[in-house]
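Need a 3D model of the following:
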Amino acid sequence: SIVRTERLQIRLSSLPLLISVAALGYGCAATRPGNSVAEFASRSVSCVELQAFASKRLTERPAHTASELVEDYVVSQLLAGEARRTGLERDPEFIRKFRLARRNLLLESSEASRARGIEVNDEQVAAYYDDRAEELNRPERIKTRIILRRLPANASRAALNEEFGRLRDVQAQFLSGASFADLAVQHSEHDSAAVGGAMQPWVRGEMGDAFERVVGGLEPGEISDVVRLPDGLALVLFEEVLPASDVPFESVALEMRGRMLQEQRTERANEALEQARALFPSSIDDEAIVSTDPGFATLPVARIGDDC
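Residues are numbered from 1 along each chain as shown. As a prediction, this is how the structure comes out:
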């Protein structure tokens, strides 16, 4: 409900402008930013001031009329004034939240300020790509699937025989035409079981000698015999070799531009941080933890030269 006050006077002549502000978000800036749209307690409310309030309020609850929006704003100001009159600004919890909100706003404004003026042209992006072409281009990769039965290193002979027999049966089903992916879902204990045993394509040298020796003895589309791997017994299907490929500049140009802009913002942030450290000396005392929460027992306490 809207709290009403006799001191509220809405200027009806301003309502068309206010509707434009509410619906389009730019009416004030484009027309009469200094014009007053309401008065209360001998104070005028400008169109720009109301626009800032409207941009937040309309995301929470669309106003039915322009007059309601004006009155909501005035009511919020009156209630805030009453809170100040009763001393809530001196409440420790309010002070803590106010400082936190101010600090967060300063951080946001500082980040936005550092981002101003940063530009990257097409030639710079192309040079950035050329410098990183080797890391962007993909080497030859190998696609495999696996069905793994996990066993500890000290598994008993009986356990080994049981899992060996299970995998030999699975192998026979595959050779008879069953889908390796379906068999993996049913029998594998590998992390890839849910996706039919499909492993991420890998580059030679990444998977360890034992696994790569198994794959090295297979042809594309061929299944291995039951093999012993560090995690247990397994069947491996060698699917195919993915040839090395270059990543076209056009497919990563936007990503490269974004990365360059972020690097420049980070560089500016580091410069600002060094200046702040010079102005506000700080130290960390690992032994001065004062907290009733055991979860903070290992966190350091920082002392800063001033409340920044």
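
CA only for contacts and neighbour counts going forward, please
Will do.

Pass me the low-pLDDT residue ranges in the stretch 1-150 of the chain, would you?
Applying pLDDT under 70 to the stretch 1-150 of the chain picks out residues 1-43, 56-66.

can you pull out the helices in it?
For the stretch 1-150 of the chain, applying DSSP state H, counting those that start in this stretch gives helices covering 15-24, 27-30, 47-60, 66-85, 92-115, 122-131, 133-136.

how about CSV for the ones you listed, with distance to R265 added?
As requested, those are exported to CSV (distance: least, C-alpha to C-alpha, whole Å):
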stretch, distance to R265
helix 15-24, 32
helix 27-30, 29
helix 47-60, 28
helix 66-85, 37
helix 92-115, 6
helix 122-131, 16
helix 133-136, 23
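
Quick one: the strands in this protein, in order.
Secondary structure of the chain by DSSP state E: the strands cover 9-10, 36-40, 43-46, 141-150, 227-229, 232-242, 282-285, 301-304.

Not counting its own residues, what contacts the fifth one?
The one in question is strand 227-229. Contact with strand 227-229 is made by A210, F211, V214, L233, A234, L235, as judged by C-alpha atoms under 8 Å, 6 or more residues apart in numbering.

okay, now the fifth one: neighbour count?
So that's A234. Other residues within reach of A234, judged by other C-alpha atoms under 10 Å, total 26.

which residues touch it?
Counting by C-alpha under 8 Å, 6+ apart, A234 has contacts I146, I147, L148, R149, L167, V226, V227, R228.

Roughly how far does it sit from V247?
A234 is 34 Å from V247, where distance means C-alpha to C-alpha, to the nearest Å.

same question, the third one
As defined by C-alpha to C-alpha, V214 lies at a distance of 30 Å from V247.

and these two? which has more neighbours close in?
V214 (20 against 14).

N270: neighbouring residues, count only.
If you count neighbours by other C-alpha under 10 Å, N270 ends up with 12.

what do you get for V170?
Around V170 there are 21 residues (other C-alpha under 10 Å).

Equivalent analysis for the one 3 residues further on, please.
Counted with other C-alpha under 10 Å, the neighbours of Q173 add up to 14.

How about G196?
Neighbours of G196 under the rule other C-alpha under 10 Å: 21.

can you check A158 too?
Applying other C-alpha under 10 Å, we find 9 residues neighbouring A158.

Read off the pLDDT value for it.
A158 carries a pLDDT value of 94.

mind checking the longest helix of this protein?
Across the chain, the longest stretch assigned as helix under DSSP state H is helix 249-279.

quick one on the thing from earlier: export the helices of the stretch 1-150 of the chain to a markdown table and tack on mean neighbour count and distance to A198?
A markdown table is the format used below for these (neighbours: other C-alpha atoms under 10 Å; distance: least, C-alpha to C-alpha, whole Å):
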| stretch | mean neighbour count | distance to A198 |
| --- | --- | --- |
| helix 15-24 | 17 | 51 |
| helix 27-30 | 16 | 57 |
| helix 47-60 | 16 | 45 |
| helix 66-85 | 16 | 58 |
| helix 92-115 | 12 | 43 |
| helix 122-131 | 14 | 32 |
| helix 133-136 | 13 | 24 |
